[in-house]
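J.: below is the sequence, then the predicted model.
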Amino acid sequence: MKPMALAPRMVRQLRRVRRVYATGVALCALTLLLQIQQSHGLRQTAVVGVLLGVFTLLLAFTAMLLWRHRRTAHCGTAKRLSPSWAR
């Protein structure tokens with residue numbers, strides 16, 4: 001895949017929201033484990049499973065966007081963000 005440049009503000013927002021998605025995945029997985037052990041209603045387990053899938057997809061998409069935004073030498077945004085001693 002070709003690297004793409006993102007605005008610095010968007011990178012900060014993606015990093016911030018990545019933590020929220022990771023927390024959502026962890027909480028949904030924990031809730032799903034507890035629901036399966038207590039064998040409550042099927043509807044609750046299905047809802048938690050769907051939420052787990054949604055949070056996992058959002059986390060994967062965010063990670064992919066951040067991975068594609070590698071700092072490259074030709075990227076002006078990366079040049080402005082990197083310290084002068086690292087150039």
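T.: Right, received. Where do you want to start?
J.: all contacts plus neighbour counts: C-alpha atoms, from now on.
T.: Noted.
J.: now residue 7. Its backbone dihedrals?
T.: Note on residue 7: backbone dihedrals following degrees, to the nearest 10 are phi -70, psi 150.
J.: helix/strand/coil for residue 70?
T.: Classification of residue 70 using DSSP: H, G, I helix; E, B strand; the rest coil returns coil.
J.: neighbours around it, how many?
T.: When neighbours are defined as other Cα atoms under 10 Å, residue 70 has 15 of them.
J.: thought residue 36 was touching residue 45?
T.: Yes. Using Cα atoms under 8 Å, residue 36 is in contact with residue 45, at 7.2 Å.
J.: so between those two, which is more surrounded?
T.: residue 45 (18 against 13).
J.: which stretches in this protein count as helices?
T.: For the chain, the helices defined by DSSP state H cover 8-38, 42-68, 76-81.
J.: need those in JSON lines with mean pLDDT, can you?
T.: As requested, the helices of the chain are exported to JSON lines (pLDDT from 0 to 100):
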{"stretch": "helix 8-38", "mean pLDDT": "89"}
{"stretch": "helix 42-68", "mean pLDDT": "90"}
{"stretch": "helix 76-81", "mean pLDDT": "58"}
